[in-house]
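Engineer: Provide a 3D model corresponding to the input given below.
(one chain, ligands or ions: 1)
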Amino acid sequence: MDTDIQSAYQEELLRLEEAGRIISRQLDELNAMSRYNGSDFTEQVLEGLREETRHKLAVALPEPYFGRLDFQEAGHSDPTPLYIGKAGVEDRIGGHPLVIDWRAPVASLFYSFTGGDGPAEYDSPDGLVEGLVYLKRNLVIRKQILQRVTDSYLRGSSQGAVTDEFLLYRLGENKDNKLRDIVSTIQAEQDKIIRAAKNKALIIQGVAGSGKTTVALHRLAFLLYQYRDQVKAERMIIFAPNRMFLDYISGVLPELGVGDIAQTTFADWALERLDDNLKLGSEAQDLEKRFAVAPHQDTTGNPAESEEPIPSGRWKGSAELADRLSRELDVYEKEYCALQDFTPWEGTRQLPGKTIRHWFYVETVHEPIGKRRQRVEARIRRWLEMELEATRDPKIRKDRKKLAGARLKAYLKSWSPPSALDFYRRLFEPETRPQWVPEQRAEESRKRLAKREVLQEDLAALLYIHNRFYGIHGNDRFDHIVIDEAQDFSPLQVLVLKQHSKNHSFTILGDLAQGIHDYKGVHSWEEFAGLFDGEETETFQLNRSYRSTMEIIQFANGVIAHSGVAVSPAVPVFRSGEQVRVEQTAKRMPAIVQAVRELSEEAHGTIAVIGRTEKECAAIHKELVNAGFSPALLTASQQSYGGGLSVLPVYLSKGFEFDAVLVTDVDETRYKASPRDAKLLYVACTRALHDLRLQYTGQPSPLLPDEEATHS
Ligand SMILES: Nc1ncnc2c1ncn2[C@@H]1O[C@H](COP(=O)(O)OP(=O)(O)OP(=O)(O)O)[C@@H](O)[C@H]1O
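Structural biologist: Numbers count the residues shown, from 1 in each chain. Predicted coordinates:
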């Protein structure tokens, strides 16, 4: 160790010991106080705060901080060492704060400072604060033991910019079965997104591995800290593609000290809201069909795609459909209440239909029709009660009540509460189908809807109708909404979610180059931006990829060049690893088993064998089990991901990452020179952190980049 590093290490060791003593003392004091379980409200609030502090201290004790920034504010004579950790700890050492929360305004300097001797600044509640940075230091502390001290910037030293040494160290680590927090190495371009203003719809295009998911989760933690009086965790929601992915990302928020945020899929959320006893068609079957390999398929892509000019999912998810529905709903509402006079029993007053329609179309007009109907029905019942009260004789009153009850039931039968499914179904029925619904589309939907079966692509339209009928209660509005893998979302889905958002506070993130579900998802981010007023959105682009080695990223860039999608190629962090290995195999299965054996010997924590279809994966899985491995077969119905060795179809691998990846069957029939296949292969390749291998039997896929291209 050279003397500078040694003395830095000694200095940090002493500081850590002192910090440990202070945190332990604070914790002991709090633990010594008896817990309050009584009913006094003030005491309950105080106990809540004490519990929060106990929790924060317990989290801080083993790893109090991860970074240090020495900052001299303009007008001050000395730099102040600022220690930054996951949770702020109040107390002081040498007059300086013990630990500053990573989300505090001053901590932003730690992330935004990229070097140079000029002034640095950060935004504080009192305005811009300027000053000079003297030192940026990363510290690895585990279980109160100082393991590593890395200076990435030192004023006056020969190195001008912040070095990536610590980042590279973190990126070189193996991964387990959960995505992790990145508080110690958030990069400047990511920090901007994390700290962006709350009341905007952020649209983030980021290359594979640029940290989109991770950044979105950190942003939630930031919003909860920065706007603690305005946003609540229970009023935030994350939409992700499937339950297995939700399980994979479920560790990050607790690591950041955040709980209670709903994490769900659009389908689960929509079905719960619709509550219409609907059956959701099997997604697994749909995926397997969509991503099947057609033997006689031409090289322009999926045959289903070329036969169908506008795929059903794109049609049913378009903003244009929302306009059409809106107009149909206007007509429906105008005709909805056509009630005539109501006669409860012969020889008495009638309740005129005109009066009822006045209640409906004038007096309650500001409410959605489902609510109006409830109100009007209640009013009819009140009217009836008053009429009955005018009948003095109890026996006659009883008889009339019975008769009137039966008549009212029959009368209201023709006026059933509005149902989203019924309305939607009418769009596809021969007698009621509007002209703008093509017959071919109607036929397919009609059969399913008759059985109350819906597909994922129907859900946004159904919710749009449901919201119009029943409105949105305060509890159904979110303080913030995150949409991950947003390239697979449709404009109509986002439009519906916008109805559920307060102040259009969104983080929408995705990668068009990974748009393998382009039969339902967007083809350009403009499709989402167009749903908001100009000033309500802000767009970001993340081009640096942190997941994979340079070699893997260059290789994947070569693949995606065939996709025709206009997105910037990924820029690697300078982390070099093994060359990507492309292997032609004579015997497919033995070669797969052999490659898995080799990868397993290389101390990788997570390994994935990525096949083309679920059926092929099942066969590979069987073979690996026979060879003595214990792989997990990941399918569309999977609820969790356990790490280790996995076999999964390429279309399910999106969002995940593995230390080593073997992509099987990269041949000319399974990965053709089509945009869809290019995206699929790109997704597969970009799952690998350190080691990527590809195998094919017969002729190689035309998507495989030339060797020279990947070495440029
Ligand atoms: N600043 C960072 N410091 C350390 N690791 C990072 C950083 N940013 C991202 N990573 C790591 O890069 C990997 C990719 O992150 P993440 O899955 O969030 O990316 P993504 O853009 O959502 O990827 P994809 O589009 O492929 O799903 C993760 O292992 C994450 O921990």
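Engineer: what about the helices in the stretch 151-300 of the chain?
Structural biologist: Counting by DSSP state H, counting those that start in this stretch, the stretch 151-300 of the chain has these helices, from start to end: 165-171, 188-194, 212-226, 243-249, 252-255, 266-274, 283-290.
Engineer: for the ones you listed, which one sits closest to Asp518?
Structural biologist: helix 283-290 (10.8 Å; C-beta to C-beta). C-beta: built from backbone N, CA, C; applies to glycine.
Engineer: And the closest one, what's buried?
Structural biologist: Going by neighbour count (16 or more other C-beta atoms under 10 Å), the buried part of helix 283-290 is Leu287, Glu288, Arg290.
Engineer: Now that the last one has come up, it's in contact with Asp518, right?
Structural biologist: It refers to Arg290. No. Between Arg290 and Asp518 there is no contact, the gap being 10.8 Å when judged by C-beta atoms under 8 Å.
Engineer: Next, the distance between the ends of stretch 478-494.
Structural biologist: In stretch 478-494, first residue to last residue: 13 Å (C-alpha to C-alpha, to the nearest Å).
Engineer: Could you name the helices and strands sitting against the longest helix seen in the chain?
Structural biologist: Longest helix in the chain, counting residues (DSSP state H): helix 3-32. Other helices and strands packing on helix 3-32, by 3 or more C-beta pairs under 8 Å, 6 or more residues apart in numbering; DSSP states H and E, are helix 41-60, strand 89-93, strand 96-101, strand 127-142, strand 145-154.
Engineer: in it, what counts as buried?
Structural biologist: Those would be Ala8, Glu12, Arg15, Leu16, Ala19, Gly20, Ile22, Ile23, Gln26, Leu27, for helix 3-32 by 16+ other C-beta under 10 Å.
Engineer: Quickly check those residues for the two that are furthest apart.
Structural biologist: Ala8 and Leu27 (27.8 Å).
Engineer: could you point out where the chain is predicted with low confidence?
Structural biologist: 1-3, 159-163, 294-309, 707-712 (pLDDT under 70).
Engineer: and the residue of it nearest the ligand?
Structural biologist: The nearest approach of the chain to the ligand comes at Gly211, 3.0 Å away (C-beta to the nearest ligand atom).
Engineer: That residue - how many residues pack around it?
Structural biologist: Neighbour count of Gly211, defined by other C-beta atoms under 10 Å: 25.
Engineer: give the contact list for it.
Structural biologist: Listed by C-beta atoms under 8 Å, 6 or more residues apart in numbering, the contact partners of Gly211 are Ile182, Gln187, Gln190, Leu542, Tyr546.
Engineer: next one: Ala595
Structural biologist: Taking C-beta under 8 Å, 6+ apart as the definition, contacts of Ala595 comprise Glu583, Leu662, Arg693, Gln695.
Engineer: rerun that using 10 Å as the cut-off
Structural biologist: Arg581, Glu583, Thr585, Ile607, Val609, Ala660, Leu662, Thr664, Arg693, Leu694, Gln695 (C-beta atoms under 10 Å, 6 or more residues apart in numbering).
Engineer: Who does the fourth one form a beta bridge with?
Structural biologist: The reference is to Ile607. Leu645, Ala660 (DSSP bridges).
Engineer: That one and Val661, how far apart?
Structural biologist: Counting by C-beta to C-beta, to the nearest Å, the gap from Ile607 to Val661 is 8 Å.
Engineer: now the helices and strands packed on helix 3-32 as a markdown table including distance to the ligand?
Structural biologist: A markdown table is the format used below for these (distance: least, C-beta to the nearest ligand atom, whole Å):
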| stretch | distance to the ligand |
| --- | --- |
| helix 41-60 | 20 |
| strand 89-93 | 24 |
| strand 96-101 | 18 |
| strand 127-142 | 11 |
| strand 145-154 | 13 |
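Engineer: any chance of the ones you listed in CSV, with mean neighbour count too?
Structural biologist: As requested, the helices and strands packed on helix 3-32 are arranged in CSV below (neighbours: other C-beta atoms under 10 Å):
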stretch, mean neighbour count
helix 41-60, 14
strand 89-93, 14
strand 96-101, 19
strand 127-142, 17
strand 145-154, 16
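Engineer: Export these as a markdown table, with columns for distance to Ala486.
Structural biologist: Written out in a markdown table, the entries for the helices and strands packed on helix 3-32 read as follows (distance: least, C-beta to C-beta, whole Å):
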| stretch | distance to Ala486 |
| --- | --- |
| helix 41-60 | 31 |
| strand 89-93 | 37 |
| strand 96-101 | 29 |
| strand 127-142 | 32 |
| strand 145-154 | 33 |
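Engineer: wait, which of these is closest to His500?
Structural biologist: helix 41-60 (28.8 Å).
Engineer: From the contact counts, what lies against the closest one?
Structural biologist: The contact analysis (3 or more C-beta pairs under 10 Å, 6 or more residues apart in numbering; DSSP states H and E) places helix 41-60 against helix 3-32, strand 80-85, strand 89-93, strand 96-101.
Engineer: so which of the helices and strands packed on helix 3-32 gets nearest Val522?
Structural biologist: Proximity to Val522 (C-beta to C-beta) singles out strand 96-101 among these, at 36.1 Å.
Engineer: Past the closest one, which element shows up next along the chain?
Structural biologist: helix 108-112 (DSSP states H and E).
Engineer: buried sites along stretch 377-389?
Structural biologist: So, applying 16+ other C-beta under 10 Å, buried residues of stretch 377-389: Arg379, Ile380, Trp383, Leu384, Glu387, Leu388.
Engineer: What parts of the stretch 601-712 of the chain come near the ligand?
Structural biologist: Contact residues, the stretch 601-712 of the chain versus the ligand (C-beta under 6 Å from any ligand atom): Gly655, Glu657, Thr686.
Engineer: Enumerate every residue touching the last one.
Structural biologist: Contacts of Thr686 were listed using C-beta under 10 Å, 6+ apart, and they are 207-209, 511, 513-514, 545, 547-548, 552-553, 555-557, 559-560, 570, 653-654, 657, 661, 692.
Engineer: same thing with the first one?
Structural biologist: Contact analysis of Gly655 by C-beta under 10 Å, 6+ apart lists 179, 208, 212-213, 240-242, 244-246, 248-249, 484-485, 514, 683, 687.
Engineer: ok so, going back, mind giving me the ChimeraX select for the contacts of Ala595, buried ones only?
Structural biologist: Of those, the buried ones can be selected in ChimeraX as follows, counting by 16+ other C-beta under 10 Å:
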select :585,607,609,660,662,664,693,694,695
